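Novice: Dropping a prediction and its sequence here:
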2 protein chains.
Amino acid sequence: MNLVPIRSTIAHIWRTAGGLAVLAITIAILGTIARADPLPSWREGPVKNAIVDFVGRVTRVGHADFVPQAERIATFDNDGTLWSEQPIPVQAFFLIDRVKTLAAKNEALRDRQPFKALLEGDLKALHDMGSKGIAELFFSTHAGMTVEAFDELARDWMRTAKHPETGRNFSKMTYQPQLELLEYLRANGFKTYIVSGGGVEFMRAFSEELYGIPREQVIGSSLKLRFVIRDNRAVLVKVAEAESVDDREAKPEHIGQFIGRRPIFAFGNSDGDFEMLQYVLAGSGLRLALLLHHDDANREVAYDRDFKISPLSKALDKAEKCGIKLVSMQRDWKTVFHPSVD
Amino acid sequence: MNLVPIRSTIAHIWRTAGGLAVLAITIAILGTIARADPLPSWREGPVKNAIVDFVGRVTRVGHADFVPQAERIATFDNDGTLWSEQPIPVQAFFLIDRVKTLAAKNEALRDRQPFKALLEGDLKALHDMGSKGIAELFFSTHAGMTVEAFDELARDWMRTAKHPETGRNFSKMTYQPQLELLEYLRANGFKTYIVSGGGVEFMRAFSEELYGIPREQVIGSSLKLRFVIRDNRAVLVKVAEAESVDDREAKPEHIGQFIGRRPIFAFGNSDGDFEMLQYVLAGSGLRLALLLHHDDANREVAYDRDFKISPLSKALDKAEKCGIKLVSMQRDWKTVFHPSVD
């Protein structure tokens, strides 16, 4: 058989396809690499199996559990689920640093409550002031500026601030298994969201860089935004008034408002996430709801019921009955933080 | 020059690349087709040029006006911008039909205000009841059910309801040039959003099918959602309390809350869109804000200042000074509705 004409034809097609074929080959190679274990920081076991089985089923065209790509919504809590929240959530460190900065510029603040109590670490006084004191701390540090100015403040802080106990930059306090899970879900057509009690604009300042989650896929607690013309320019200003607190029932309610779909996957770590997990599981079809249990004192912190800021108690008791899968940090995670950190 | 070894190598690569190269060629061909006029229903002229020039600049890597894909956010009003809002917005027809259905089941409603006034077409009585009467009509027809049940209601209605004057199904009341524009923007890496005074759950029932806009990219007016356990199942119920009215200043405020980015492109048609257009134009870098002027009595309806539900007056006066481009339906659109309809 004379292959020359065929080869010539192929060569012609090849020239036409040009660099696109090279791209196609590259995609094929990358595809093979991607088929290697997508969750190397997860230990083999029932939880990892449940995740891989779930993703396999909902993505297999023709399978009874198949879910169209548009409906593959996954929601993650942030503090204690995607990164450490101990001894206090990262945003609390930001708030403290902001108060210090403001007090350095305005000495009168040092003698005024609730600033005085915060600066002196007087937890009893802070506690006695209750939610009004906390709200004032938030308003004074998070409001009165445009969303763009706040974004810059939060980014600048994230670049340099360090966790007081570990000495690490906060961007290194993210959980490696979760970064892999987010990526794995996205590679399988999921849209990944943060649904967290944290401040929405605070989280948006790092969600893309740290988690690959775009700003518009972050739902959180918020102050009201006000449209104003300032210096002849239309801006949005964060004002000293709460818009919403994204916790407990409010999590599924915000999912309804913002996303308008019932997620098929959710991951939390505290009682504040329980209703979100319930909501996800109550949908028809295959669902997966996971709850991280911080039971690893050696590699992180072991805590649940006694953590005042965000306890894990009711959800822990009800998990099994509700079909929520418990993830044990000790048993299920091979590494906790990035290998360069662990 | 002996080409045989080269051809042999090419043939080898070709076998390796296999069907993927065919895919690459297909993509190349489709790319060429896509380079045909992407806006065939737009007449050549300054507006079409401005759109094509804008998209070309923000997508050209290395160009001074280049905008990374993640920041290519485009927001569209719905009623009067993407589909007809005459003589009343589509959702008002839905509300009227819902009241009729409810009154058929519950005769007592026929003698109760504001239902009586609505059923009898007594506009004066409706007007005299003011916003309280309108709110009650919305609550009684849009609340008290789960978001899923409402979604089904709205979908069922859309499938069969017809515009009383044109006799067309409402899905045929969309503007063909806008469907092309949405598709053109998305093909160039834009994320397209609806930001409208319409009810968010009402619009989500058809946004994907009619506009290719996923539910989570729809922002609108809303009732509060409440998380409840009903029949042992976690659901979200629409309750008889307003959450937000997505109009005027609230449009950019909601953009800040939901998207967290300043769009680079916006399209409206009334004073209710003015602040959104202002907000878009006040960002740094290249922006495009368009305002549709309904000046085509032959093919649609000519109206602006006197349309009580949603007038175009202030925005019309200020457009030029603010850098907002006016789109004349008569001058700039070759077709208005789908060719099969026009």
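Specialist: Nice, I can see it. Numbers count the residues shown, from 1 in each chain, chains lettered A, B, ... in the order given.
Novice: care to break chain A down by domain?
Specialist: A:4-35, A:46-332 (automatic domain parsing).
Novice: got the end-to-end distance for the last one?
Specialist: Spelled out, it's domain A:46-332. Across domain A:46-332, the straight-line distance between its terminal residues is 9 Å, by Cα to Cα, to the nearest Å.
Novice: Just confirm yes or no for that domain near chain B.
Specialist: Yes: shown here: domain A:46-332 in contact with chain B (Cβ under 8 Å from any Cβ of the partner chain) through A:70, A:73, A:147-148, A:191, A:200-201, A:204, A:208, A:214-216, A:218, A:222, A:224-227, A:229, A:233-236, A:243, A:249-250, A:252-253, A:256-262, A:275, A:278-279, A:281-282. (Each C-beta comes from the backbone N, C-alpha and C, glycine too.)
Novice: mean pLDDT lowest for which of the domains of chain A?
Specialist: Averaging pLDDT over each of the domains of chain A singles out domain A:4-35 as the lowest, with a mean of 56.
Novice: Now do the lengthiest helix in chain A: which elements does it pack against?
Specialist: If you go by DSSP state H, chain A has its longest helix at helix A:123-142. Of the remaining helices and strands, those touching helix A:123-142 by 3 or more Cβ pairs under 8 Å, 6 or more residues apart in numbering or on different chains; DSSP states H and E are helix A:90-105, helix A:115-119, strand A:218-230, strand A:233-244.
Novice: what are the pairing partners of the helix or strand that it is followed by, and which direction each?
Specialist: Toward the C-terminal end, the helix or strand that comes next after helix A:123-142 (DSSP states H and E) is strand A:145-146. Strand A:145-146 pairs in its sheet with strand A:233-244 (antiparallel), by DSSP bridges.
Novice: C-terminal to the strand it pairs with, what's the next element?
Specialist: With secondary structure assigned by DSSP H and E, strand A:233-244 is succeeded by helix A:250-258.
Novice: Nearest the middle, which residue of chain A would you pick?
Specialist: Nearest to the mean C-alpha position of chain A, counting by Cα atoms, centre = their mean, stands A:Asn78 at 3.8 Å.
Novice: So that one sits against A:Ile194, correct?
Specialist: Yes: counting by Cβ atoms under 8 Å, A:Asn78 touches A:Ile194, with 5.1 Å between them.
Novice: joint contacts of those two?
Specialist: Here A:Asn78 and A:Ile194 share the contacting residues A:203, A:220, scored by Cβ atoms under 8 Å, 6 or more residues apart in numbering or on different chains.
Novice: For stretch A:301-319, list every residue counted as buried.
Specialist: A:301, A:303-304, A:307, A:310-312, A:315-316, A:318-319 (16 or more other Cβ atoms under 10 Å in any protein chain shown).
Novice: What about those residues, which are in strands?
Specialist: Judged by DSSP state E, the subset of the buried residues of stretch A:301-319 located in strands is A:Tyr303.
Novice: just the buried residues of stretch A:301-319 now: which is nearest chain B?
Specialist: Comparing the buried residues of stretch A:301-319 against chain B with Cβ to the nearest Cβ places A:Lys318 closest, at 12.3 Å.
Novice: Let me see the contact set for the closest one.
Specialist: Taking Cβ under 8 Å, 6+ apart as the criterion, A:Lys318 is in contact with A:274, A:324.
Novice: ok, it to B:Pro339 distance?
Specialist: A:Lys318 sits 57 Å away from B:Pro339, taking Cβ to Cβ, to the nearest Å as the criterion.
Novice: now do A:Ile255
Specialist: As for A:Ile255, its distance to B:Pro339 is 40 Å (criterion: Cβ to Cβ).
Novice: pull the CA atoms of stretch A:242-254 into CSV?
Specialist: What follows is the C-alpha trace of stretch A:242-254 in CSV, where atoms were taken according to Å, rounded to 0.1, in the frame of the first residue of the first chain:
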residue,chain,number,x,y,z
ALA,A,242,-25.8,45.4,59.5
GLU,A,243,-27.3,43.9,56.3
SER,A,244,-27.2,40.3,57.3
VAL,A,245,-25.5,37.7,59.5
ASP,A,246,-24.8,34.6,57.4
ASP,A,247,-25.2,31.9,60.1
ARG,A,248,-27.6,29.0,60.8
GLU,A,249,-31.0,29.4,59.0
ALA,A,250,-29.6,32.4,57.2
LYS,A,251,-27.2,30.2,55.3
PRO,A,252,-29.8,28.3,53.3
GLU,A,253,-31.9,31.5,53.0
HIS,A,254,-28.9,33.3,51.5
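Novice: List the buried residues in it.
Specialist: Of the residues in stretch A:242-254, those buried under the neighbour-count criterion (16+ other Cβ under 10 Å) are A:244, A:246-254.
Novice: most packed of the domains of chain A?
Specialist: For the domains of chain A, average neighbour numbers computed from mean count of other Cβ atoms under 10 Å in any protein chain shown are highest in domain A:46-332, which has a mean of 18.
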